[in-house]
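[1] how would this look folded up:
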Amino acid sequence: MASNYTFRVAVSLAVALLAGVMWTVDIFWGALCTALLPIVLYWQQKLYRHHVRKVLFMLDAIENNDNAIHFSETENTADARLVNRALNRVAHILYNVKSETAQQEKYYELILDCVNTGILVLNDNGAVYQKNSEALRLLGLNVFTHVSQLNRIDPRLSSLLANCRPGDKLQMPFNNERGTVNMSVRVSDITVRKEHLRILALNDINNELDEKEIDSWIRLTRVLTHEIMNAVTPITSLSDTLLELTEAQASKEEIRNGLQTISSTGKGLLSFVESYRKFTRIPTPEPSLFYVKSFIERMVELARHQHPNVQATFHTDIAPNDLILYADENLISQVVINLLKNAMQAIESDKNTDKEGHINIHAYCNEAENILIEISNNGPAIPNDIAEHIFIPFFTTKEGGSGIGLSISRQIMRLSGGNLSLLPGKETTFILKFN
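    Okay, here's the model as predicted:
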């Protein structure tokens, strides 16, 4: 390379010097040498432009992830071979740096996708720079590029994320097509390449709230049942004993009737408390594999048998047809039967006699490979003020109802590693989600 460049530079200098000398000797030869000077300079510049084109070609190839680029190292001139070897080394180094950077980005993306917290990185204009799969799942989106997309889910949520500032700790419930999300948001910030970015950590605290709520009710129920059982048992025992002693004493009819009332009331109370005790004695699930389709068919037949007077049409949709669930079939059957019973009672209570009652059961596997079973009916919708309390133990709007059916159902789902929720809408829809 050095000899070729030196030779060309030497020729250029020689022509320039010769032109200067010839102008002092002869005008014709001076003009001729001066005319040759641009040609010599172009000859030198051509080599320079040739190497520049090689460098630009190499950079374009690296930018387009073309790692097959290679310059011949067997060209005729030594300087061309040396330049090509240098360019090959530079291309190899730059490609390795770019490859390592891409691998690191992929590595960090995989780490983000493994955490249970949703991560969003936004600029001050609301554009999404980074997100993980948990954030998409929480928001109910498949593609997310700007916070304005959240307007179709809940405008308040869009405003919350667009206007949050570093240091904020926010909480907001919202509904998407997958159910109700009670989301907490923590905000921090960072400046990258002179651009201010906000980092949002998103969490669904529904499960945490549900577990605390259920655990509190379980502790309360245990205390209540213990105290009530201790108080009522001796009363009923004593009443039975007194009844036996007064059987032969007809003159004491009023005492006997009073004691009989005490006895029957006590026994009724014991039965009442025993039903609540079930809430705290759900057995540990023993999961196994079973087909959802045949399971649902059995549940439908059982519901029809238990409520023969209710005119309701069942529609089942299991996708795929051979969908398999890993759970405790006996415990899950309690949940499904209770939901079907509630659905049939809702249809039975509907005063609109012209409307045909129908119950829809849809089981499927979502993108996160969770299995969901949706049970809906077209009976009267549950009012919002009541919907907030339906999973609280002992809460009921039915005459003679115990108020523990949905509470037990949700606890069974929680013990099974899933969740039971009510999906807002025109029709009453409960969703069993198995993680």
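[2] quick check: Ile332 vs Ile375, distance?
    12 Å (C-beta to C-beta, to the nearest Å). For the C-beta atoms, the positions are set from N, CA and C on the backbone; glycine is no exception.
[3] neighbours of Asn123, how many?
    Using other C-beta atoms under 10 Å, Asn123 is surrounded by 14 other residues.
[4] now it: how far from Ser72?
    Counting by C-beta to C-beta - Asn123 and Ser72 are separated by 46 Å.
[5] got any residues that touch both of Ile332 and Ile375?
    Taking C-beta atoms under 8 Å, 6 or more residues apart in numbering as the criterion, Ile332 and Ile375 both touch Leu432.
[6] which one's more surrounded, the two?
    Shown here are Ile332 and Ile375; by other C-beta under 10 Å, Ile332 has more neighbours (25 against 22).
[7] would you mind measuring from the more buried one to Ile404?
    Separation of Ile332 from Ile404 (C-beta to C-beta): 17 Å.
[8] quick check: buried residues in whatever helix or strand Arg81 lives in?
    Using DSSP states H and E, Arg81 sits in helix 78-114. Neighbour-count burial for helix 78-114 flags 79-81, 83-84, 87-88, 91, 95, 112 (criterion: 16 or more other C-beta atoms under 10 Å).
[9] now do stretch 337-355
    Neighbour counts over stretch 337-355 (16+ other C-beta under 10 Å) mark 337-347 as buried.
[10] let me see the ranges of the strands in the protein.
    118-123, 128-131, 169-176, 179-192, 195-204, 288-291, 312-319, 324-327, 357-365, 371-377, 418-423, 428-434 (DSSP state E).
[11] hey, least reliable of the ones you listed by pLDDT?
    Among the strands of the chain, strand 169-176 carries the lowest mean pLDDT, at a mean of 79.
[12] so what secondary structure elements neighbour that one?
    Applying 3 or more C-beta pairs under 8 Å, 6 or more residues apart in numbering; DSSP states H and E, one finds that strand 169-176 contacts helix 155-163, strand 179-192.
[13] between these, which one is nearest to Thr117?
    Nearest to Thr117 among the helices and strands packed on strand 169-176 is strand 179-192; the distance by C-beta to C-beta comes to 9.0 Å.
[14] buried ones in the closest one?
    Residues 179-183, 185-187 are the ones in strand 179-192 that count as buried (16+ other C-beta under 10 Å).
[15] same question, stretch 195-209
    Applying 16+ other C-beta under 10 Å to stretch 195-209 flags 197-204, 206 as buried.
[16] what lies in contact with it?
    116-124, 129, 134-135, 138-139, 161, 164-166, 171, 180-191, 414, 419, 421.
[17] just give me the closest of the buried residues of strand 179-192 to Asn384.
    For these, the nearest to Asn384 is Thr180 (11.7 Å; C-beta to C-beta).
[18] and the residue lying closest to Asp154 once chain neighbours are set aside, what is it in contact with?
    Nearest non-adjacent residue to Asp154, counting by C-beta to C-beta, 6 or more residues apart in numbering: Phe174, 4.3 Å away. By C-beta under 8 Å, 6+ apart, the contact list for Phe174 reads 153-154, 156-157, 180-181, 183.
[19] backbone dihedrals for Lys194, please?
    Main-chain dihedrals, Lys194, degrees, to the nearest 10: phi 70, psi 20.
[20] close enough to count as contact, Tyr364 and Leu323?
    Yes - counting by C-beta atoms under 8 Å, Tyr364 touches Leu323, with 7.3 Å between them.
[21] quick one: common contacting residues for those two?
    Ile371.
[22] distance check, Met58 against Asn142.
    39 Å.
[23] what do you get for Glu367?
    Per C-beta to C-beta, Glu367 is found 8 Å from Asn142.
[24] just the ones of the buried residues of stretch 337-355 in helices?
    337-347 (DSSP state H).
[25] present these as a markdown table; the columns should include pLDDT.
    Listed next are those as a markdown table, based on pLDDT from 0 to 100:
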| residue | pLDDT |
| --- | --- |
| Ile337 | 92 |
| Asn338 | 90 |
| Leu339 | 93 |
| Leu340 | 93 |
| Lys341 | 91 |
| Asn342 | 89 |
| Ala343 | 90 |
| Met344 | 90 |
| Gln345 | 87 |
| Ala346 | 86 |
| Ile347 | 87 |
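[26] tell me what the residue nearest to Asp154 is bridged to.
    Val181 (DSSP bridges).
[27] residue contacts, the residue nearest to Pro283 when sequence neighbours are not counted?
    Excluding its sequence neighbours, the residue lying closest to Pro283 (C-beta to C-beta, 6+ apart) is Leu331, at 7.4 Å. Contacts for Leu331 (C-beta under 8 Å, 6+ apart) come out as 282-283, 285, 412, 415-416.
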